[in-house]
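Asker: Test case, fold it:
(2 chains, ligands or ions: 3)
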Amino acid sequence: MTVVYEKTKGLTEKQTHYCPGCTHGVIHKLVGEVLVELGILGKTVGVAPVGCSVLAYDYFNCDMHEAAHGRAPAVATGIKRVLPDHAVFTYQGDGDLASIGTAEIVHAAHRGEKFTTIFVNNAIYGMTGGQMAPTTLIGQKATTSPYGRSVADAGMPLRVSEMLATIDGAVFVERVSVHDVPNIRKAKKAIKKAFEVQMEGKGFGIVEVLSTCPTNWGISPIESLSWLKENMIPYYPLGNFRTPEEGK
Amino acid sequence: MAKGKVHFDDDKCKGCELCTTVCPVNIVLMDKERINAKGYHPATVKEMEKCIGCTNCAMICPDSVITVEREK
Ligand SMILES: Cc1ncc(C[n+]2csc(CCOP(=O)(O)OP(=O)(O)O)c2C)c(N)n1
Ligand code: SF4
Ligand SMILES: [Mg+2]
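Answerer: Ligands and ions are numbered 1, 2, ... in the order given. Presented below is the predicted three-dimensional model:
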């Protein structure tokens, strides 16, 4: 028998602190696997956010840098400009990227910075205990929307991929999900493509990955996969919004 | 059908049960007779002869607990 699947060398031996069944772990694996398959692990610098993935610098087996909340794109900009032959990525949650860090991501995309962003949208602030995010769905309960998010109070959930796809500098924009195995495979393909686009020097790329937060959604990990599929995908449709060919 | 074999790094399992939902031959289950170092019933396979080595359980495991082998 031959080994056909084992833990990727793209991640360290450190066990993650993520809650049981949280798909942050699945997304980490995909990024690690892609860096290994592209042979760029040794010349990659990742930028960790503030959020549940704040300790990502302990988990990715490449050079890592921490950034202040929402500022990972600014830090990545600096690193990539100093090390243009390296692969640089940010790994950011929806509170980090779509709330406090909105200006950073919009202008990094607008300047066409040549790094890759992995945007983990779980429709909530996970780390701080489940507050409403800009991406929280209408009717979804959070600690700061105990009766469910209302349009009157908080507006409609922000569709980050659609918004960034209007910016010329964002040459690769795709939304994927990890709620089942076929989608996990597709998510990996998109992440790989985004890193390839970066290595070809084509411009800014982002992969939005729909993810679960069983703890703050208040349901089991298995129920969370179905909740994502039934509630998030109808509002956040999966697919590619921009590729370099179209973005030229 | 290809023949496969899975190995669980028991003490890394957080008992989330995601792997039990994606097995096409339905052999991944939680071992209610054991508790691992983290305090969870770890995932396991009892009828290993049915495994086809598809890697589904390993792909969805958030904690890289599972290694998969397959007869080529
Ligand atoms: C400047 C600043 N403001 C607020 C916080 C508090 N804070 C920490 S994490 C977080 C939100 C994280 O949510 P998200 O980015 O969605 O990540 P998740 O935990 O859901 O993966 C907030 C508001 C902070 N650490 N720093
Ligand atoms: S709080 Fe939510 S996002 Fe954070 S590790 Fe737990 S399940 Fe994952
Ligand atoms: Mg979040």
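Asker: CA atoms for contacts and neighbours, from now on please.
Answerer: OK.
Asker: Which pLDDT value goes with residue A:163?
Answerer: pLDDT recorded at residue A:163 is 98.
Asker: Also residue A:248?
Answerer: Residue A:248 is given a pLDDT of 50.
Asker: the strands in chain A, which residues?
Answerer: With strands called from DSSP state E, chain A shows them at A:2-5, A:44-48, A:63-66, A:87-93, A:116-121, A:170-177, A:204-210, A:239-242.
Asker: Of all those strands, which one comes closest to ligand 1?
Answerer: For these, proximity to ligand 1 was assessed by CA to the nearest ligand atom; strand A:87-93 is nearest, at 3.5 Å.
Asker: how about the closest one as PDB, C-alpha atoms only?
Answerer: Taking Å, rounded to 0.1, in the frame of the first residue of the first chain, the C-alpha atoms of strand A:87-93 are listed here in PDB:
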ATOM      1  CA  ALA A  87       5.200  34.500  -2.300                       C
ATOM      2  CA  VAL A  88       3.400  36.600   0.300                       C
ATOM      3  CA  PHE A  89      -0.100  35.900   1.600                       C
ATOM      4  CA  THR A  90      -2.500  37.200   4.200                       C
ATOM      5  CA  TYR A  91      -4.900  35.000   6.100                       C
ATOM      6  CA  GLN A  92      -7.800  37.100   7.400                       C
ATOM      7  CA  GLY A  93     -11.200  36.600   9.000                       C
END
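Asker: tell me the mean pLDDT for stretch B:25-42?
Answerer: 98.
Asker: Span of that stretch from start to end?
Answerer: 19 Å (CA to CA, to the nearest Å).
Asker: Report the buried residues of it.
Answerer: For stretch B:25-42, the neighbour count (16 or more other CA atoms under 10 Å in any protein chain shown) marks B:27-31, B:36, B:40-42 as buried.
Asker: cool, stretch A:64-82 as well?
Answerer: Neighbour-count burial for stretch A:64-82 [16+ other CA under 10 Å]: A:64-67, A:69-77, A:79-80.
Asker: now it, how far from the chain's geometric center?
Answerer: 15 Å (CA atoms, centre = their mean, to the nearest Å).
Asker: now swap in stretch B:20-36 and tell me
Answerer: 6 Å.
Asker: what about it and chain A, touching?
Answerer: Yes: judged by CA under 8 Å from any CA of the partner chain, stretch B:20-36 comes into contact with chain A through B:21-22.
Asker: re the thing from before, among the buried residues of stretch A:64-82, which are in helices?
Answerer: Counting by DSSP state H, the buried residues of stretch A:64-82 place A:72-77, A:79-80 in helices.
Asker: Give me the contact status of stretch A:91-101 with ligand 2.
Answerer: No: Stretch A:91-101 is not in contact with ligand 2 by CA under 6 Å from any ligand atom; minimum separation 8.6 Å.
Asker: circling back: so which of the strands of chain A is nearest ligand 3?
Answerer: Of all those, strand A:87-93 sits nearest to ligand 3, with 4.7 Å by CA to the ion.
Asker: so what strands line up beside the closest one?
Answerer: With DSSP bridges as the test, strand A:87-93 is paired with strand A:44-48 (parallel), strand A:116-121 (parallel).
Asker: Export these to JSON lines and append columns for mean neighbour count.
Answerer: Below are those laid out as JSON lines (neighbours: other CA atoms under 10 Å in any protein chain shown):
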{"stretch": "strand A:44-48", "mean neighbour count": "25"}
{"stretch": "strand A:116-121", "mean neighbour count": "26"}
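Asker: Switch the ones you listed over to CSV; also include mean pLDDT.
Answerer: Listed next are these as CSV, based on pLDDT from 0 to 100:
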stretch, mean pLDDT
strand A:44-48, 98
strand A:116-121, 99
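Asker: Throw those into JSON lines and include distance to ligand 2, thanks.
Answerer: Shown next, in JSON lines, are these (distance: least, CA to the nearest ligand atom, whole Å):
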{"stretch": "strand A:44-48", "distance to ligand 2": "14"}
{"stretch": "strand A:116-121", "distance to ligand 2": "9"}
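Asker: Cheers, nothing more for now.
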